[in-house]
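1. below is the structure, and that's it, no one-letter string:
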């Protein structure tokens, strides 16, 4: 496959970036999108040019590091991570526009790399549970119904890639925050911090400069882990109940 | 800030205000439509004028109408603040956006702005006129009252006004197509048992209510021809 790529190049956080055009030749349809970028970067290195910086780690679709906004979709046309996107999803001769996640809370570090530590700070604000140290407890010691376990597990599959923020027209992080809040609020282990957690995580989310959800559903449609919009309703519910009833003034 | 102001200046808090005021305005749409359908009664405005007199004089309706204006204002103010925050959340735009979200859900601000324009026009044409303007009067069952029916009847002889009203109802329909269901989601009401019902109700609501309103100017225009 021969493709034309228009890739966002930006030297550093402070410089002004632009879309640059590259041509790649003889790309196998079985390559992943990142492997195609590896080929392009090797060519750039051979030419003595600066290779395109992009985030990646496991390349197995589980770490949430890859973060390319491809032809108007986070992670490209398939509902998966960029590393699991294959070139067979494109046609020979296609022009592909690749941009970084765009959000005030995700500043561009270089080229396609954005700083997603705002998510870490939201987790630090409340995305944890209290446990006793000592011996590991027996598995299945605490009975949890199948329905609750499944719903909590589905929410827990969020890998924090930020595709929800990238897809949302408001750069809202509510799908991410809701997945974390919903998962922990459903389980008995999450009850100790239940009210405090949602209050603090939402406060942090607002402080970081993410937008507000307008229920368009763009996030859930793009989420590689298919996190449901129902979680955002759970987040809203948890937040209102916590604000109305918690001991924190 | 105390907990109360913190709650209602948070993103979720503001959204809840938009949702609650929006649902109240949905209720208003139903009541207003039921009253206004009397315009089609074909009795020379007898039932409509009697109803308008009751609405103008009832202290309860007065309180509700002040609340209604306040809610419209609150709905707009909170939406504007949220929209500004949302714009700031993405200072650099994408070169290409291929959104999979519904058109209405992405353009609530545009739809709402047109609806506001309609409300201003609608109020100055009828509400302001009935309250402060020089009104024709009519005697119904020996009681002298303002003939609001005649004012409406005359207005809807103008095809441009009729088209403007029908168009505005289309905008309200699209605004409701997203707003109605969205309000429940914002209030945290998303449940496997109830959400399908809310969605069906929302679809029926966003079609039937604007349609009911649009019928009034169209019918009155056709009858006057």
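-> Everything's here; your move. This structure is a prediction, so every number in the text was calculated from the model and none was measured.

2. now check the longest helix seen in chain A, is it near chain B?
-> As assigned by DSSP state H, the longest helix anywhere in chain A is helix A:230-245. Yes. Using C-beta under 8 Å from any C-beta of the partner chain, we find that helix A:230-245 touches chain B at A:230, A:232, A:233, A:234, A:235, A:236, A:237, A:238, A:239, A:240, A:243. To be clear about C-beta, it is placed using only N, CA and C from the backbone, and glycine gets the same treatment.

3. cool, and stretch A:81-100?
-> Yes. Against chain B, stretch A:81-100 shows contacts by C-beta under 8 Å from any C-beta at A:97, A:99.

4. what comes up buried for that stretch?
-> A:81-87, A:90, A:96-100 (16 or more other C-beta atoms under 10 Å in any protein chain shown).

5. now stretch B:63-77
-> Using 16+ other C-beta under 10 Å as the test for burial, stretch B:63-77 gives B:68, B:71, B:72, B:74, B:75, B:76.

6. just name the closest of these to chain A, please.
-> Closest approach to chain A among those (C-beta to the nearest C-beta): residue B:75, at 13.8 Å.

7. from what I can see that closest one touches residue B:25, true?
-> Yes. Using C-beta atoms under 8 Å, residue B:75 makes contact with residue B:25 at a distance of 6.7 Å.

8. for residue A:68, what are its contacts?
-> By C-beta atoms under 8 Å, 6 or more residues apart in numbering or on different chains, the contact list for residue A:68 reads A:33, A:54, A:74, A:75, A:76, A:82, A:98, A:99, A:100, A:112.

9. restricted to helices, list those.
-> Per DSSP H, those map to helices at residue A:33.

10. for the residue lying farthest from the centre of chain B, give me its contacts.
-> No residue in chain B sits farther from the centre than residue B:95, which is 35.5 Å out by C-alpha atoms, centre = their mean. By C-beta under 8 Å, 6+ apart, the contact set of residue B:95 is A:6, A:19, A:97, A:99.

11. tell me the SS of it?
-> When classified by DSSP: H, G, I helix; E, B strand; the rest coil, residue B:95 comes out as coil.

12. need the strands for the chain, in chain order.
-> Went with chain A since none was named. Counting by DSSP state E, one finds strands in chain A at the ranges A:3-9, A:18-24, A:68-70, A:73-74, A:95-100, A:108-110, A:113-114.

13. chain B was what I was after
-> So, for chain B - with DSSP E - the strands run B:137-140, B:143-146.

14. what about the helices in the chain?
-> Went with chain A since none was named. For chain A, the helices defined by DSSP H cover A:33-46, A:117-126, A:146-156, A:163-167, A:174-186, A:194-207, A:218-222, A:230-245.

15. wait, I meant chain B there
-> Along chain B, counting by DSSP H, helices occupy B:3-9, B:11-36, B:46-57, B:59-88, B:103-106, B:108-122, B:128-132, B:148-155, B:159-186, B:195-224.

16. just put those in TSV and tack on mean pLDDT and distance to chain A.
-> Below are the helices of chain B laid out as TSV (pLDDT from 0 to 100; distance: least, C-beta to the nearest C-beta, whole Å):
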stretch	mean pLDDT	distance to chain A
helix B:3-9	93	4
helix B:11-36	97	4
helix B:46-57	94	34
helix B:59-88	96	4
helix B:103-106	95	4
helix B:108-122	96	7
helix B:128-132	88	33
helix B:148-155	94	35
helix B:159-186	97	4
helix B:195-224	96	8
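
17. let me have these in CSV, extended by distance to residue A:132.
-> CSV is the format used below for the helices of chain B (distance: least, C-beta to C-beta, whole Å):
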stretch, distance to residue A:132
helix B:3-9, 31
helix B:11-36, 33
helix B:46-57, 65
helix B:59-88, 41
helix B:103-106, 46
helix B:108-122, 48
helix B:128-132, 69
helix B:148-155, 73
helix B:159-186, 37
helix B:195-224, 39
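
18. how about the ones you listed, which one is nearest residue A:175?
-> Set against residue A:175 and scored by C-beta to C-beta, the helices of chain B come closest in helix B:159-186, at 12.3 Å.

19. mind checking pLDDT for the nearest residue to residue B:101 once chain neighbours are set aside?
-> Leaving aside its chain neighbours, residue B:101 sits nearest to residue A:216 (3.5 Å; criterion: C-beta to C-beta, 6 or more residues apart in numbering or on different chains). pLDDT recorded at residue A:216 is 96.
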